[in-house]
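*Asks:* Here you go, sequence then predicted model.
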Amino acid sequence: MPELPEVQTVITGLKKTVLKKTFAKATIYAPRVARFQIKSIEKGIKGKTILQITRRGKNILFELSGNHTLLAHLGMTGHMFYYSKKKAKDKHDAAIFRFKDGGELHFHDTRKFGKLILSNGKSDSLPTEKLGPEPLEITLPEFIKLFHSKKRMVKPALLDQTILAGLGNIYADEALFEAKIHPQRITDRLSNEKLKALHSAIRKILQRAIKTGGSSVANYVDVEGKPGHFQIYHKVYGKTGHACPRCGTKIKRIVVGQRSSHFCPRCQKL
DNA sequence: AGCTCTTCCTGAAAGC
DNA sequence: TGCTTTCAGGAAGAGC
């Protein structure tokens, strides 16, 4: 499940492979991934050159010539695969982009939760407008202010992209464990000290994950086919019943806001 | 404002 | 063994 570090890793791969290339043809195979804007994307992208590739939250932004932006969201199971030569369509390819030089970029998405949106320059037409700050850019005072301004359980707050953009279920659980905060604690009642711990835990965990190239939990593979290695560092996510690496207590799994939450009941008290 | 539930989708894993 | 059910989760929308 691609979260901020995985998306960042994909972007690194994309920069190595498709930056500066010009689209010759785009074919959408999964209409819902393109929000049924099949023709406008297929036509709109033709002849455009990829000038820059950036990230906003979990979104990949291709800045194109002609002031267009192509947004790609990997959803749950999205992958970007680059081939230097023509490659047959896979069963789960949601879209295939062919470049003038013969290379191909396949947007592979088994569950079709991904998203492709082409904007004709107006950035306010992209959903990235609604996103909260970047977790690696927000300062501690801003972070404290933000969480004290909300009155909700901290775990769902961390997953809410309009509050903070980029965290998913894995890194949210890992960050809460690191900061020793129970997932059901209410944001405005967390002390400055706790929020400081959370702020630095998020930074630490994301930066380490980016450094190691993303997580492998869901068979994550980067653009060139190399798996990430962060899974070896997961301390609580998917570790129900395992011993807490800090105190040995069994890791517990509960459901918070319709999402599974893994935590140590001794280290993370309510 | 914020909670819960539902929907989308497929494959893996658990249950019988 | 093999079929059936459940589960997983990012995001959006409905209803309370």
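*Replies:* Done, it's in. None of these values were measured; they are calculated from a predicted model.
*Asks:* quick one: residue A:128 is in a helix?
*Replies:* Yes - under DSSP: H, G, I helix; E, B strand; the rest coil, residue A:128 falls within a helix.
*Asks:* ok, it touching residue A:61?
*Replies:* Yes - the criterion here is C-beta atoms under 8 Å, and residue A:128 meets it with residue A:61 at 7.2 Å. Yep, even glycine has a C-beta here, placed from its N, CA and C like the rest.
*Asks:* Need the residues touching each of the two.
*Replies:* Residues touching both residue A:128 and residue A:61 (C-beta atoms under 8 Å, 6 or more residues apart in numbering): residue A:71.
*Asks:* Next, count neighbours for residue A:268.
*Replies:* 22 (other C-beta atoms under 10 Å).
*Asks:* Surely it touches residue A:177?
*Replies:* Yes - at 6.6 Å, residue A:268 and residue A:177 qualify as touching, with contact defined as C-beta under 8 Å.
*Asks:* quick one, what contacts the residue in the stretch 151-270 of chain A positioned nearest to DNA strand B?
*Replies:* In the stretch 151-270 of chain A, no residue comes nearer to DNA strand B than residue A:152, which is 2.9 Å away by C-beta to the nearest atom of the strand. Contacts for residue A:152 (C-beta under 8 Å, 6+ apart) come out as A:186-187.
*Asks:* Close to DNA strand B: what parts of the stretch 101-250 of chain A are there?
*Replies:* Neighbours of DNA strand B within the stretch 101-250 of chain A, by C-beta under 7 Å from any atom of the strand: A:110-113, A:150-153, A:156-157, A:186.
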